[in-house]
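> just to be clear, the model below is a prediction. Sequence and coordinates:
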Amino acid sequence: MLADLARIVEYLAGHKTEDGKTADDFYFGVNTFAPVWEAMVDRIFGKLPQGVTKDKFNPHLKFVIEGSKNGDGFNYQDEDDKDEKHRSTLRPDTIMIIGKEIAAVASLPRNDNAGVYILDSKYYKYGLTKNPAHLPGAESVCKQMAYAEYVEQLMREKETPAGACPEPVEWAGMTSGNIYNAFIMPYCADAGKWDKIAAVATLPRNDVYAMKRVGYIYGDWKSRSKPFHKIACILLDVKAVTENYAHNSTAQRELAKLIFPSLPH
């Protein structure tokens, strides 16, 4: 992928590329790298049970028209909303489900806390600047809470209503204590300086994609009594991700380990 990015730059500059291709060759690029970052993170960490698609975790908004069969003054009905149209849909970037059996062999800190990880990819520059102003804001935090509460609602369903997510074996028996939130952001891990930094660092760090946890974000309108009330902030080395963004079960387990310390026990 890095070679492809170099070709795009050379094309825009009107130069020959290292492999001898001329500027007459046409290359596609993107106006913003954020969707690419989101897609790569989803490829690495996305993990759903067989037969379950990510859109099952999408909360929806619906508009009830006054005077319709579902709208009668203040006595709104929700038993049958098939006729109501979806106004819009919230879409989580990545869902990663770690089953209890996987957690047992992965030596996670608390085996009973294998669960559903809701990841939001943010191509923000905090990893470069360390400026809190460059962290995700209230809108992003609210959306992560909405995703987690929707998953919590699915877990509470005793029966599977039409359109809801069936309870797969991998997360059977889990509760709201097994739902976790995280923001995934890029940074540049300088391999030449990393050992020196790691020697004095107090924050956890992992060799897979040079992942490290830098803190968490919460909203003071939540009690922080549930794990998903704290949104862990995780940095990934952007170079390592672009060089290898295949599905990676090891990276998934290591990400879970990094998120755990920032959560209430």
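Looks like it came in fine.
> show me where the stretch 101-250 of the chain has its strands.
Taking DSSP state E, counting those that start in this stretch as the criterion, the stretch 101-250 of the chain carries its strands at 116-121, 179-187, 212-217, 231-237.
> could these go into a markdown table alongside mean pLDDT?
Converted to a markdown table, those look like this (pLDDT from 0 to 100):
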| stretch | mean pLDDT |
| --- | --- |
| strand 116-121 | 95 |
| strand 179-187 | 95 |
| strand 212-217 | 92 |
| strand 231-237 | 95 |
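> okay, those strands in JSON lines with distance to M155 and mean neighbour count next?
C-beta here means a position set from N, CA and C on the backbone, and glycine is covered the same way. Shown next, in JSON lines, are the strands of the stretch 101-250 of the chain (distance: least, C-beta to C-beta, whole Å; neighbours: other C-beta atoms under 10 Å):
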{"stretch": "strand 116-121", "distance to M155": "8", "mean neighbour count": "24"}
{"stretch": "strand 179-187", "distance to M155": "8", "mean neighbour count": "25"}
{"stretch": "strand 212-217", "distance to M155": "22", "mean neighbour count": "19"}
{"stretch": "strand 231-237", "distance to M155": "19", "mean neighbour count": "24"}
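> how about the ones you listed in TSV, adding distance to T129?
Conversion of these to TSV gives the following (distance: least, C-beta to C-beta, whole Å):
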stretch	distance to T129
strand 116-121	18
strand 179-187	10
strand 212-217	12
strand 231-237	12
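> what is the lengthiest helix in the chain packed up against?
Assignment by DSSP state H gives helix 138-156 as the longest helix of the chain. Under the contact criterion of 3 or more C-beta pairs under 8 Å, 6 or more residues apart in numbering; DSSP states H and E, helix 138-156 touches strand 116-121, strand 179-187.
> out of those, nearest to S140?
S140 lies closest, by C-beta to C-beta, to one member of those: strand 116-121, at 6.3 Å.
> so that closest one versus helix 138-156, what angle?
160 degrees (axes from the mean of the first three to the mean of the last three C-alpha atoms, to 10 degrees).
> strand 116-121 - contacts with which helices or strands?
Here strand 116-121 touches helix 34-45, strand 94-97, helix 138-156, strand 179-187, helix 249-259, going by 3+ C-beta pairs under 8 Å, 6+ apart.
> please work out which of these is packed deepest.
By mean neighbour count, with neighbours taken as mean count of other C-beta atoms under 10 Å, strand 179-187 ranks first of those at a mean of 25.
> I217 and F228 touch, don't they?
No. Between I217 and F228 there is no contact, the gap being 11.8 Å when judged by C-beta atoms under 8 Å.
> low-confidence stretches in the protein?
Residue ranges of the chain with pLDDT under 70: 1-5, 7-8, 10-29, 66-87, 100-113, 157-173, 191-206, 261-265.
> picking that back up, select, out of the strands of the stretch 101-250 of the chain, the one closest to A148.
Closest to A148 of the strands of the stretch 101-250 of the chain, according to C-beta to C-beta: strand 179-187, at 5.0 Å.
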